[in-house]
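A.B. asks: Kindly generate the corresponding structure for this input.
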Amino acid sequence: MAIKMDGKALAAKLRMQIRDEVAILARKPTLAVVLVGDDPASQVYVRNKEKDCEECGILSQGYRLPADTTEKQLLDLIDVLNQNALVDGILVQLPLPNHISEQKVIHAICPDKDVDAFHPFNVGKIVTGEDGFLPCTPAGVMELLKEYQIEIAGKKCVVVGRSNIVGKPMALLLLRESGTVTICHSKTSHLEEITKKADILVSAVGKVGIITGDMVKDGAVVVDVAMNHNAEGKLCGDCIYDEVAAKASYITPVPGGVGPMTRLILMKNTLTAAKMHIKE
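C.D. replies: Now for the predicted structure:
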């Protein structure tokens, strides 16, 4: 039976390290969190992020905007936050209402305050291997692999999913650590033939039960990034957990695996931004 990779415990440990680093800064870091509309899931995510800020000693500025906020009004707010020297990080909670362009909003955030690492400037740094903000979920996965001393160099790594937020940057971070990386997606033929060869399998599809036990190699490390709800309304990942855990050597649970680490990296990026701005 696979060893459960406890993201909740690791995030708690690393939050204390961030808190210690924050305590010795000349001022507290500040994260501006912007929520447009009243999507229930987004409200939960924002509350969790605000709680994380409090635990890390980071100041949180919340901006709750109505769903009918215009694109210009949101871009004007981002411009104000960009120019505020005391704001270190800007996070605009996605998804946005349909009448607002997510691309325009992402591009509007100053790259040195883009703690989600979505701006093309920061994405480019990930591609070229330069230091900078790392995307929260993929970087959280890398922290988990490091904590459990899982070797990446030379291993066959398969990422299922090609989103800009998880799949693509996940592949790049594994490649940076000398993994041999394959990216699979909805058009991939014979998916199970590829996943069965993976030493490290990362699933970020968002489809309940897409990864079954017979798709996993004995002893593989399986990271389930997805946050789904099954027919009973219970939170679950992409994997049929019991089947996959019976074959894997390590596995992340859902919840309690990658999710807490995603939020932890946001705090880490905000601290990094603050250190950069305080030096200036």
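A.B. asks: Low-confidence regions, this structure specifically.
C.D. replies: For the chain, the stretches with pLDDT under 70 are 280.
A.B. asks: Show me the helices in it, by range?
C.D. replies: For the chain, applying DSSP state H gives helices covering 7-23, 40-56, 71-83, 102-108, 120-128, 136-147, 167-176, 191-195, 241-245, 258-279.
A.B. asks: now for the third one, which elements pack on it?
C.D. replies: For helix 71-83, the elements it packs on are strand 30-36, strand 59-65, strand 89-92, helix 102-108, judged by 3 or more C-beta pairs under 8 Å, 6 or more residues apart in numbering; DSSP states H and E. C-beta here means a position set from N, CA and C on the backbone, and glycine is covered the same way.
A.B. asks: Could you do the second one as well?
C.D. replies: Counting by 3+ C-beta pairs under 8 Å, 6+ apart, the packing neighbours recorded for helix 40-56 are helix 7-23, strand 30-36, strand 59-65, helix 258-279.
A.B. asks: For the first one, which residues meet the burial criterion?
C.D. replies: Meaning helix 7-23. Neighbour-count burial for helix 7-23, with 16 or more other C-beta atoms under 10 Å as criterion, is recorded at 7, 10, 11, 14, 15, 18, 21, 22.
A.B. asks: How about the contacts made by the closest residue to residue 71 other than its chain neighbours?
C.D. replies: Excluding its sequence neighbours, the residue lying closest to residue 71 (C-beta to C-beta, 6 or more residues apart in numbering) is residue 100, at 4.7 Å. Applying C-beta atoms under 8 Å, 6 or more residues apart in numbering, we find residue 100 in contact with 36, 69, 70, 71, 74.
A.B. asks: any idea which of the residues you listed has the most stuff around it?
C.D. replies: The most crowded member of the contacts of residue 100, judged by other C-beta atoms under 10 Å, is residue 36 (25 neighbours).
A.B. asks: That residue contacts residue 71, doesn't it?
C.D. replies: No. Using C-beta atoms under 8 Å, residue 36 makes no contact with residue 71, being 9.9 Å away.
A.B. asks: buried sites along stretch 142-153?
C.D. replies: For stretch 142-153, burial by neighbour count (16+ other C-beta under 10 Å) applies to 142, 143, 144, 145, 147, 150, 152.
A.B. asks: do the same with stretch 105-121
C.D. replies: Buried residues in stretch 105-121, counted by 16+ other C-beta under 10 Å: 105-119.
A.B. asks: cool, stretch 63-80 as well?
C.D. replies: For stretch 63-80, the neighbour count (16+ other C-beta under 10 Å) marks 63, 65, 69, 71, 74, 75, 77, 78 as buried.
A.B. asks: Find the pair from those residues with maximum spatial separation.
C.D. replies: By the measure C-beta to C-beta, 63 and 71 form the most distant pair in these, at 15.2 Å.
A.B. asks: Could you export the helices and strands packed on helix 40-56 to CSV, including columns for distance to residue 131?
C.D. replies: Supplementary listing: the helices and strands packed on helix 40-56 in CSV, determined by distance: least, C-beta to C-beta, whole Å:
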stretch, distance to residue 131
helix 7-23, 17
strand 30-36, 20
strand 59-65, 25
helix 258-279, 9
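A.B. asks: what's the closest of those to residue 188?
C.D. replies: Using C-beta to C-beta, the helices and strands packed on helix 40-56 put helix 258-279 closest to residue 188, at 21.8 Å.
A.B. asks: What is the neighbour count of the residue lying closest to residue 158 once chain neighbours are set aside?
C.D. replies: For residue 158, ignoring the flanking residues on the chain, the nearest one in space by C-beta to C-beta, 6+ apart is residue 198 at 3.8 Å. The tally of other residues near residue 198 (other C-beta under 10 Å) stands at 23.
A.B. asks: so who does the residue lying closest to residue 203 once chain neighbours are set aside touch?
C.D. replies: Nearest residue to residue 203, sequence neighbours excluded (C-beta to C-beta, 6+ apart): residue 238, at 4.1 Å. Residues near residue 238 by C-beta under 8 Å, 6+ apart: 160, 203-211, 224-226, 228.
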